[in-house]
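S.K.: got a structure for you, letters missing:
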Ligand SMILES: Nc1ncnc2c1ncn2[C@@H]1O[C@H](COP(=O)(O)OP(=O)(O)OP(=O)(O)O)[C@@H](O)[C@H]1O
Ligand SMILES: [Mg+2]
């Protein structure tokens, strides 16, 4: 099977005048396959979000190549970049901040449809359908981001991500700002959407129990590099790298089927 997205020895170095350069991602190679949920774990600051932004072509790598459906898209511009953004969507940790506070959720969700040439009527209908698929009533289209809960706003962010019929969604800690009940609901929704659409996900999370439960494969990053890759059971149960061992040691076990996480000792 050919990968949806392939990163070939991708590096990103941030240089700001008067400051030492930051090597945020170094020589990372990775593939995401159709229908796959690929987990990305690692300590804070190791480069996960930067890697996701590179994969979404929101950042241009300092070196290396990014291939989407086998075609090089590194440094894509104009129409080619718009096509990458149509196929690769991102969902962030803080859904409220990802919507324009002056515009309704419906406008936010429908924006990419406008670029795809949908008429106003078609957009409205599609926005309603997307909201309903994400477990929200059509009336949410008229609400503003501050008029909904964090969980509802994350559902709207998923509806927005789905609007352009992407092949891949990059989820950067999509549930970490939510309570455990809502986390579970959003995860169930993500699983359901993935089954329906044959989507691929790159899922970044600090919650290893979640990774173990939902991911097909997990990458471990440490100090801007990928240091381990394997099945969740292998990486999180029998970690080979010191970085994965540290994460496994620090993990708090809780079962998602259990609504209440176990108390800390
Ligand atoms: N635009 C930027 N300019 C300069 N440095 C940056 C920029 N974006 C990220 N960095 C640096 O790159 C490194 C990796 O950051 P990144 O946000 O990718 O980490 P992360 O693994 O997502 O961390 P967290 O788990 O806390 O979200 C950090 O040292 C960060 O300070
Ligand atoms: Mg991050």
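M.R.: Arrived safely, thanks for sending. Fair warning: this is a prediction, and the values are worked out from it, not measured in the lab. Ligands and ions are numbered 1, 2, ... in the order given.
S.K.: List the buried residues in stretch 136-152.
M.R.: Of the residues in stretch 136-152, 136, 140, 141, 143, 144, 145, 148, 150, 151, 152 count as buried by neighbour count, 16 or more other CB atoms under 10 Å. Every residue, glycine included, has its C-beta placed from N, CA and C.
S.K.: And stretch 226-233, by the same measure?
M.R.: Applying 16+ other CB under 10 Å to stretch 226-233 flags 226, 227, 228, 229, 230, 232 as buried.
S.K.: and those, which of them are in helices?
M.R.: Judged by DSSP state H, helices contain the following of the buried residues of stretch 226-233: residue 232.
S.K.: buried residues in stretch 46-64?
M.R.: Quick answer for stretch 46-64 (16+ other CB under 10 Å): 46-57, 59, 61-62, 64.
S.K.: mind listing the helices in the stretch 101-250 of the chain by residue range?
M.R.: Assigned by DSSP state H, counting those that start in this stretch, the helices in the stretch 101-250 of the chain fall at 105-115, 120-133, 150-163, 180-197, 208-214, 232, 242-250.
S.K.: any chance of the buried residues of stretch 226-233 in JSON lines, plus pLDDT and distance to residue 177?
M.R.: Formatted as JSON lines, the buried residues of stretch 226-233 follow (pLDDT from 0 to 100; distance: CB to CB, whole Å):
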{"residue": "226", "pLDDT": "98", "distance to residue 177": "26"}
{"residue": "227", "pLDDT": "97", "distance to residue 177": "27"}
{"residue": "228", "pLDDT": "96", "distance to residue 177": "27"}
{"residue": "229", "pLDDT": "96", "distance to residue 177": "28"}
{"residue": "230", "pLDDT": "95", "distance to residue 177": "29"}
{"residue": "232", "pLDDT": "93", "distance to residue 177": "23"}
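S.K.: closest to residue 3 among the buried residues of stretch 226-233?
M.R.: residue 229 (13.6 Å; CB to CB).
S.K.: which residues does the nearest residue to that closest one once chain neighbours are set aside form a beta bridge with?
M.R.: Distances taken as CB to CB, 6 or more residues apart in numbering put residue 219 closest to residue 229, at 5.1 Å, once the chain neighbours are dropped. With DSSP bridges applied, residue 219 shows beta-bridge pairing to residue 40, residue 229.
S.K.: Let me know whether residue 219 touches residue 36 as I believe.
M.R.: No - counting by CB atoms under 8 Å, residue 219 stays clear of residue 36, with 11.7 Å between them.
S.K.: distance of residue 184 from ligand 1?
M.R.: 22 Å (CB to the nearest ligand atom, to the nearest Å).
S.K.: That residue: neighbouring residues, count only.
M.R.: Using other CB atoms under 10 Å, residue 184 is surrounded by 17 other residues.
S.K.: go on, residue 2?
M.R.: 10.
S.K.: The one 3 residues further on too?
M.R.: Burial of residue 5 is recorded as 25 neighbouring residues (other CB under 10 Å).
S.K.: ok so residue 65 is a strand residue?
M.R.: Yes - per DSSP: H, G, I helix; E, B strand; the rest coil, residue 65 lies within a strand segment.
S.K.: correct me, but it touches residue 71?
M.R.: No - contact criterion CB under 8 Å: residue 65 and residue 71 do not qualify, at 10.5 Å.
S.K.: Looking at those two, which is more packed in?
M.R.: Neighbour totals were compared for residue 65 and residue 71, and residue 65 leads with 15 against 11 (other CB under 10 Å).
S.K.: The more buried one: what's it in contact with?
M.R.: Shown in contact with residue 65 (CB atoms under 8 Å, 6 or more residues apart in numbering): 7, 8, 9, 10, 72, 74.
S.K.: at 10 Å what do you get?
M.R.: Counting by CB atoms under 10 Å, 6 or more residues apart in numbering, residue 65 makes contact with 6, 7, 8, 9, 10, 29, 72, 73, 74, 75.
S.K.: Near the residue lying closest to it once chain neighbours are set aside, how many other residues are there?
M.R.: Spatial nearest neighbour of residue 65, excluding adjacent residues (CB to CB, 6+ apart): residue 8 at 4.4 Å. Residues near residue 8, counting by other CB under 10 Å, number 17.
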